[in-house]
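Enquirer: I would like to see how this sequence folds:
(one chain, ligands or ions: 1)
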Amino acid sequence: MGSAANGAAAAAVDMATSTSNGVATVDKGVDFANYFCTYAFLYHQKEMLSDRVRMDAYFNSVFKNKHHFIGKTVLDVGTGSGILAIWSAQAGAKKVYAVEATKMAEHARELVKANNLHDVVEVIEGSIEDITLPEKVDVIISEWMGYFLLRESMFDSVICARDRWLKPTGVMYPSHARMWLAPIRSGLGDHKMSDYEGCMDDWLGFVKETKSYYGVDMSVLTKPFSEEQKKYYLQNSVWNNLHPNQVVGTATILMEIDCLTVTVEDILKVQASVSSTITKEDTRLCGFGGWFDVHFNGREENPAECEVELTTAPSIDDGTHWGQQVFLLHPPVRVNQGDEVLVNFSMSRSEENHRLMKVDLGYKLRLSSGKMLLPVINKFYIE
Ligand SMILES: C[S@@+](CC[C@H](N)C(=O)[O-])C[C@H]1O[C@@H](n2cnc3c(N)ncnc32)[C@H](O)[C@@H]1O
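Expert: Okay, here's the model as predicted:
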């Protein structure tokens, strides 16, 4: 998933969602206008196709595990440009159903034809939830991951496809996923705070001018304006490609997913209590960095010959378009090697838009001296 899709989803503030049994029922018209629209553009597909880490991982997962594809039927959920369907066919699949909700399906069809694979790959334009296939499949392949894995909630659609169309012996590509969190240092928080303060200074000047030029006292709106701006500058998680040096403590796993068995219910909420040990001498704890990895391991009865990992962890030169999500603390705190950070993490979907997330992140510090500092609780939004 690329950043443009994230912007589009963020704009969808009035997404009509209602909830039944904790699972959101979505107004498809609104969802289509807000979420899918960017995927219909080639520039956006190109962004994903240019992510070498992503491309190499999927390419290797298919071509180093041809035994999963030769003579098999494959379903590509959200085929986009058609790339994963094309690779599946090139690896020897006898039939590939390539399903795409947007008009990108037309480009995918052209691409398939231009690569002489139209006898194998059938591009179907429609939502995976609505379409019908003539048979069950041996493999489901999909690139469904959003920021911090679950943003965009596209995995719901893959689970729906799996439950409807995967044979009992079938294999998921990817097969597993994990979410990670680690304490970090960063200058971003200082910038965000100074942007917020600048914005409030500007507001106070505006209030003064409006009173003196136009005779209306706007000061009653100072508090709501400040809350609005605080949310924007200080509570939104920030996209960043962190350098590994910025990770100042041990990374911990928040959630592990087996793509073959997980349910939508299981991923509605990510809740974990984890502890991380500070590994750097006298540094600032400025926040937490969140990222994910996915694995292509096949399944126990039909394992991958070559297991492949796609990681979005902080890296010196192998950044991905997903980067990491950074949750900044205001103010940062001084920490030392051996201190322990005890984190209570909870992430669920925004009520207004099931594709966006809200996070409660509470932490307390146990210093290496044994002293315990007061807990701090923060709210964040992944928009
Ligand atoms: C992250 S892109 C991946 C595109 C392509 N598979 C690739 O790897 O380059 C996800 C694609 O899935 C499509 N998509 C998302 N949800 C879908 C659904 N429920 N039914 C069909 N297509 C969907 C989007 O329109 C988008 O083109």
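
Enquirer: With adjacent residues omitted, what lies nearest to the residue of the stretch 51-200 of the chain found nearest the ligand?
Expert: Closest residue of the stretch 51-200 of the chain to the ligand, CB to the nearest ligand atom: residue 78 (2.0 Å). Any C-beta I mention is one placed from the backbone N, CA and C, and that applies to glycine too. Spatial nearest neighbour of residue 78, excluding adjacent residues (CB to CB, 6 or more residues apart in numbering): residue 142 at 5.8 Å.

Enquirer: Is that neighbour in contact with residue 173, as I believe?
Expert: Yes. With contact defined as CB atoms under 8 Å, residue 142 reaches residue 173; the gap is 7.3 Å.

Enquirer: Just give me the longest helix of this protein.
Expert: helix 188-214 (DSSP state H).

Enquirer: List the buried residues for that one?
Expert: Within helix 188-214, the residues that count as buried by 16 or more other CB atoms under 10 Å are 188, 189, 192, 193, 196, 199, 200, 203, 207.

Enquirer: what does stretch 243-257 give?
Expert: Those buried within stretch 243-257 under the rule 16+ other CB under 10 Å are 246, 247, 248, 249, 251, 252, 254, 255, 257.

Enquirer: tally of neighbours for the closest residue to residue 299 other than its chain neighbours?
Expert: Of all residues beyond its chain neighbours, the one nearest residue 299 is residue 171 (5.4 Å), with distances taken as CB to CB, 6+ apart. Number of residues near residue 171 (other CB atoms under 10 Å) recorded here: 27.

Enquirer: pretty sure residue 171 contacts residue 68?
Expert: Yes. Between residue 171 and residue 68 there is a contact under CB under 8 Å: 5.5 Å.

Enquirer: got any residues that touch both of the two?
Expert: With contacts defined as CB atoms under 8 Å, 6 or more residues apart in numbering, the residues shared by residue 171 and residue 68 are 138, 139, 298, 302.

Enquirer: As JSON lines, these with neighbour count and secondary structure would be great.
Expert: What follows is these, written out as JSON lines (neighbours: other CB atoms under 10 Å; DSSP: H, G, I helix; E, B strand; the rest coil):
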{"residue": "138", "neighbour count": "21", "secondary structure": "strand"}
{"residue": "139", "neighbour count": "25", "secondary structure": "strand"}
{"residue": "298", "neighbour count": "22", "secondary structure": "strand"}
{"residue": "302", "neighbour count": "14", "secondary structure": "strand"}
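
Enquirer: And the furthest pair within the residues you listed?
Expert: With CB to CB as the measure, no two of these lie farther apart than 138 and 298, at 11.4 Å.

Enquirer: joint contacts of those two?
Expert: In terms of CB under 8 Å, 6+ apart, residue 138 and residue 298 are both contacted by the residues 68, 171.

Enquirer: Let me see the ranges of the helices in the stretch 101-250 of the chain.
Expert: Along the stretch 101-250 of the chain, the segments classed as helices by DSSP state H, counting those that start in this stretch run 104-114, 155-165, 188-214, 222-230.

Enquirer: Rebuild those as JSON lines, extending it with mean pLDDT.
Expert: Shown next, in JSON lines, are these (pLDDT from 0 to 100):
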{"stretch": "helix 104-114", "mean pLDDT": "98"}
{"stretch": "helix 155-165", "mean pLDDT": "97"}
{"stretch": "helix 188-214", "mean pLDDT": "97"}
{"stretch": "helix 222-230", "mean pLDDT": "97"}
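
Enquirer: List the contacts of residue 335.
Expert: Residues in contact with residue 335 (CB under 8 Å, 6+ apart) are 183, 248, 249, 278, 283, 284, 285, 341, 365.

Enquirer: mind redoing it with 6 Å?
Expert: 278, 285 (CB atoms under 6 Å, 6 or more residues apart in numbering).

Enquirer: show me where the stretch 1-150 of the chain has strands.
Expert: Using DSSP state E, counting those that start in this stretch, the strands found in the stretch 1-150 of the chain span residues 17-20, 23-26, 73-77, 95-100, 121-125, 137-142.

Enquirer: could you dump the ones you listed to a markdown table with mean pLDDT and distance to residue 63?
Expert: Shown next, in a markdown table, are the strands of the stretch 1-150 of the chain (pLDDT from 0 to 100; distance: least, CB to CB, whole Å):
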| stretch | mean pLDDT | distance to residue 63 |
| --- | --- | --- |
| strand 17-20 | 47 | 39 |
| strand 23-26 | 58 | 36 |
| strand 73-77 | 98 | 14 |
| strand 95-100 | 98 | 15 |
| strand 121-125 | 98 | 16 |
| strand 137-142 | 98 | 13 |
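
Enquirer: Columns distance to residue 165 on top of those strands, output as a markdown table?
Expert: Listed next are the strands of the stretch 1-150 of the chain as a markdown table, based on distance: least, CB to CB, whole Å:
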| stretch | distance to residue 165 |
| --- | --- |
| strand 17-20 | 24 |
| strand 23-26 | 20 |
| strand 73-77 | 6 |
| strand 95-100 | 8 |
| strand 121-125 | 12 |
| strand 137-142 | 5 |
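
Enquirer: Check what contacts the helix or strand hosting residue 346 and list those residues.
Expert: Here residue 346 sits within strand 340-349, counting by DSSP states H and E. Residues outside strand 340-349 that contact it (CB under 6 Å, 6+ apart): 183, 254, 269-277, 357, 359-366.

Enquirer: With only the CA atoms kept, save that strand in CSV.
Expert: The C-alpha coordinates for strand 340-349 follow below in CSV (Å, rounded to 0.1, in the frame of the first residue of the first chain):
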residue,chain,number,x,y,z
GLU,A,340,12.8,-1.3,31.4
VAL,A,341,9.9,0.2,29.5
LEU,A,342,6.6,-1.6,30.3
VAL,A,343,4.1,-0.9,27.6
ASN,A,344,0.3,-1.4,27.4
PHE,A,345,-0.7,-1.2,23.7
SER,A,346,-4.1,-1.2,22.3
MET,A,347,-5.1,-0.5,18.7
SER,A,348,-8.6,-0.6,17.2
ARG,A,349,-10.5,0.8,14.3
